[in-house]
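Asker: Sequence first, predicted model second:
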Amino acid sequence: MTRAPLLDVKGLTICFGGLVAIDGVSLEVQEGEVLSLIGPNGAGKTTAFNAITGYLAPSAGEIRFRGARLNGLKPNHIAELGLVRTFQKTSVFGGRSVLENILIGLHLRSRQQPLAIMFGLPSVAREERELEAEARRILEFAGLAARAGELGSALPYGEQRLLEIAVALAAKPQLLLLDEPVSGMNPVETESFMAKLAEIRVLGITVLLVEHDMRMVMGVSDRIVCLNQGRVIASGTPAEIRRDPEVIRAFLGERYARAQS
Amino acid sequence: MKNALTALWLAFLASIPLWMANPYVLHILVVTGIFIVAAMSLNLLLGYAGQLSLGHVAFFGVGAYTSALVSLGFSAQIAPGMVAAMDPKPVWSAMAAAILVAGAFGWFIGKLAFKVRGAYFVIVSISFAEVVRLVAVNWVELTQGPMALNNIPPLTLWLPGLGEHAFWKKPENYWLVLAVAVISYIVIRRLVHSRAGRAMIALRENEPLATSVGIDVTRYLVLTTVVSAAIAGAAGALYAHYVRIVDPDVFLFIYTVTMVIMVVTGGKGTLAGPIVGGLIFGLLPETLRAFAIKPEAQWIVYGVLMVMVVYFLPEGIVPAACQWWQRRQASVAAAAAASPSRPAQ
């Protein structure tokens, strides 16, 4: 592939004091693909996520999105560029209604300025109507339209996770970073989430996924990068990763890998 | 229906000076009204953006001093060989200056709020108010210190049909405060029901998630403190031109506490909260005075009532009333759904 990658991470290193959480990780995400980041607990997947989205400052290395350097940018600037993330721990605005959650997510798509708001200009009211219509379309897409009036915290767990992704979609990402979106979902919910992810791809959104559920990872990914102890130990298509001895060793241990060979 | 109720309620409030002849009652209403405006401004910061500022009285006092000084004129040395002087200006422009200067202080505090959060912000805001108070006490050349600024002129405004009108009388001041309160209410309501208000609420509810969808936390914290401080400054200016004397006691911590009590008991983060809380805790001491055998008793009752509100209605009076009303509506609807089936059987 000769096209410039959408996201280009080079030599990313993150230290917490003396602990090297991420050690020279490089990865590229191509436009339109679903790339999964896998690895045992503590491999540094979420840490890498936090660095890419500006929640953590990298100790070394470079992160570029469409050629623009992301190092040192604040999370909200990175979101403005089109990288939007979700969180490992379910994260919604629990005290607000489902519709309001989406309206908050639409922040970047609205243009109203404080003075115009305070003077009550008609353009503000017009935009508010458009935003609400757009929010309802997004809820329709996420399959949460019937829940619009309920509080975010009142939704069952699986739907809260959907809401979280709907909020991220409202911010109009070009690259969507999902941190363990199906953790805690039952198999039926996971199945329907995989279908939803396919629909998200159709919208032209590139996805970087961190996930433990291997059935889901193998089912949706174009490519997989496997991390262990802060290093990339393998990358390739799902079929390649499944056979990779390093990956098997990392996940199942030395003895299992020997028994296989 | 809702608009009609609002209009009716406003008409009632506006009519009070027409049938209430007792000037003392009007005085209490004017002062309570000024405090309600200040409480509404605090609610924007505390209730919507979730920042506890225990120095809110500083904005109120800065507004009062600015408006008083601009309308009286001043001359003070700011540095060796540098004298800042100003001739008396029309009072309406003094009030505008109060709003701007208080807003500028709000900008400064908003920038600080981004650096220091939570308990640290509370401490910084208290210190800020204390520093402003000490300046007011000690910079005698400018503020007259504890001797106070006297003979502050009443507010003058050009009104259609009246020309340049000075607000000397109590009923006029009552209407003036009511007008400022209504304008502040409308501005705050527009703000919280907009992109800006949603951003404030989002950063209160879940800051990492708010930034992940592109909300600039600094920008909206600063916007909130500027608007909040400007409204508090307007309230301070109203106060200065109504009581017509300003001394450093306007910066007393107890006034901030009063505002916080009004917001928290009424219901923080609700539009009606500071109004309900302000009416109750502004008028209560005066109402109790009529029943109290001894002056101490009224403050004991006041304190007990406050503790009871916070204990039984921790969310505040307005949210509790809303929940009660919704439950009632739901049970009425359930009863209505159950009863028509009976005749059919």
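Answerer: Arrived safely. Please read all numbers here as calculations on a predicted model, not as lab measurements.
Asker: next SSE after the lengthiest helix in chain B?
Answerer: For chain B, the helix with the greatest residue count under DSSP state H is helix B:217-243. Secondary structure here is assigned by DSSP states H and E; on that basis, the next helix or strand after helix B:217-243 toward the C-terminus is helix B:253-266.
Asker: Only the buried residues of that following helix, if you could.
Answerer: For helix B:253-266, the buried set under the neighbour-count rule, 16 or more other C-beta atoms under 10 Å in any protein chain shown, comprises B:Tyr255, B:Thr256, B:Thr258, B:Met259, B:Val260, B:Ile261, B:Met262, B:Val263, B:Val264, B:Thr265, B:Gly266. Heads up, the C-betas are built off the backbone N, CA and C, glycines and all.
Asker: how about the helices in the stretch 51-200 of chain A?
Answerer: Listed from the start of the chain, the stretch 51-200 of chain A has helices (DSSP state H, counting those that start in this stretch) covering A:75-81, A:98-105, A:114-118, A:122-142, A:157-170, A:187-202.
Asker: With distance to B:Leu157, mean pLDDT and mean neighbour count as added columns, please give these in a markdown table.
Answerer: Rendered in a markdown table, the data for the helices of the stretch 51-200 of chain A read as follows (distance: least, C-beta to C-beta, whole Å; pLDDT from 0 to 100; neighbours: other C-beta atoms under 10 Å in any protein chain shown):
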| stretch | distance to B:Leu157 | mean pLDDT | mean neighbour count |
| --- | --- | --- | --- |
| helix A:75-81 | 42 | 91 | 21 |
| helix A:98-105 | 39 | 92 | 26 |
| helix A:114-118 | 21 | 86 | 16 |
| helix A:122-142 | 28 | 90 | 15 |
| helix A:157-170 | 45 | 90 | 22 |
| helix A:187-202 | 58 | 89 | 15 |
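Asker: will you turn the ones you listed into a markdown table that also has distance to B:Asp216?
Answerer: Compiled in a markdown table, the helices of the stretch 51-200 of chain A are given as follows (distance: least, C-beta to C-beta, whole Å):
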| stretch | distance to B:Asp216 |
| --- | --- |
| helix A:75-81 | 5 |
| helix A:98-105 | 13 |
| helix A:114-118 | 12 |
| helix A:122-142 | 18 |
| helix A:157-170 | 17 |
| helix A:187-202 | 26 |
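Asker: Pipe those into a markdown table and attach distance to chain B per row.
Answerer: Written out in a markdown table, the entries for those read as follows (distance: least, C-beta to the nearest C-beta, whole Å):
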| stretch | distance to chain B |
| --- | --- |
| helix A:75-81 | 4 |
| helix A:98-105 | 5 |
| helix A:114-118 | 4 |
| helix A:122-142 | 6 |
| helix A:157-170 | 6 |
| helix A:187-202 | 16 |
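Asker: Chain A contacts on the stretch 201-345 of chain B?
Answerer: Taking C-beta under 8 Å from any C-beta of the partner chain as the test, the list of the stretch 201-345 of chain B residues beside chain A reads B:201-202, B:205-206, B:208-217, B:223, B:227.
Asker: Any idea which of those residues the model trusts least?
Answerer: By predicted confidence, these are weakest at B:Val217, whose pLDDT stands at 87.
Asker: what's the burial count for it?
Answerer: For B:Val217, the tally of surrounding residues (other C-beta atoms under 10 Å in any protein chain shown) stands at 20.
Asker: So out of everything in chain B, what residue is nearest chain A?
Answerer: Here the residue of chain B nearest chain A is B:Gly214; by C-beta to the nearest C-beta that distance is 3.7 Å.
Asker: who touches the nearest residue to that residue once chain neighbours are set aside in this structure?
Answerer: Residue nearest to B:Gly214 in three dimensions, not counting chain neighbours: A:Ala79, with 3.7 Å by C-beta to C-beta, 6 or more residues apart in numbering or on different chains. With contacts defined as C-beta atoms under 8 Å, 6 or more residues apart in numbering or on different chains, A:Ala79 is in contact with A:Thr53, A:Leu108, A:Ala171, B:Thr211, B:Ser212, B:Val213, B:Gly214.
Asker: what separates A:Asn41 from A:Gly230, distance-wise?
Answerer: 13 Å (C-beta to C-beta, to the nearest Å).
Asker: So for A:Phe16, what's the pLDDT?
Answerer: With respect to pLDDT, A:Phe16 has a value of 88.
Asker: One more: the one 5 residues further on?
Answerer: A:Ala21 is assigned 88 on the pLDDT scale.
Asker: related to what we said a few turns ago, tell me which of A:Asn41 and A:Gly230 has more neighbours.
Answerer: Set side by side, A:Asn41 and A:Gly230 show unequal neighbour counts under other C-beta under 10 Å, the larger going to A:Gly230 at 22 against 6.
Asker: Torsion angles phi and psi at that one?
Answerer: phi 80, psi 0 (degrees, to the nearest 10).
Asker: so it makes contact with A:Val20?
Answerer: Yes: counting by C-beta atoms under 8 Å, A:Gly230 touches A:Val20, with 5.8 Å between them.
Asker: Extract the CA atoms of stretch B:88-97 and return them as CSV.
Answerer: Once non-C-alpha atoms are left out, stretch B:88-97 reads as follows in CSV (Å, rounded to 0.1, in the frame of the first residue of the first chain):
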residue,chain,number,x,y,z
PRO,B,88,-18.2,62.0,37.5
LYS,B,89,-19.9,60.1,34.6
PRO,B,90,-23.6,59.5,34.0
VAL,B,91,-24.9,56.8,36.3
TRP,B,92,-26.1,54.4,33.6
SER,B,93,-22.6,54.4,32.1
ALA,B,94,-21.2,53.7,35.6
MET,B,95,-23.4,50.6,35.8
ALA,B,96,-22.2,49.5,32.4
ALA,B,97,-18.6,50.0,33.6
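Asker: What mean pLDDT does it get?
Answerer: In this model, stretch B:88-97 has an average pLDDT of 84.
Asker: Pick out the residue closest to the middle of the chain.
Answerer: All of this refers to chain A. For chain A, the residue nearest the mean C-alpha position is A:Leu177 (1.7 Å; C-alpha atoms, centre = their mean).
Asker: Chain B, not that one
Answerer: Centroid-nearest residue in chain B: B:Ala38, 1.3 Å away (criterion: C-alpha atoms, centre = their mean).
Asker: Please report how far that residue lies from A:Thr190.
Answerer: In this view, B:Ala38 and A:Thr190 are 53 Å apart by C-beta to C-beta.
Asker: Please apply the same query to B:Ala85.
Answerer: From B:Ala85 across to A:Thr190, the span is 74 Å (C-beta to C-beta).
Asker: Look at the residue nearest to B:Val276 when sequence neighbours are not counted and report its pLDDT.
Answerer: Of all residues not flanking B:Val276 in the chain, B:Gly266 sits nearest, at 4.3 Å (C-beta to C-beta, 6+ apart). Here, the pLDDT recorded for B:Gly266 equals 89.
Asker: Repeat that for the one 10 residues further on.
Answerer: According to the model's per-residue confidence, B:Val276 sits at a pLDDT of 90.
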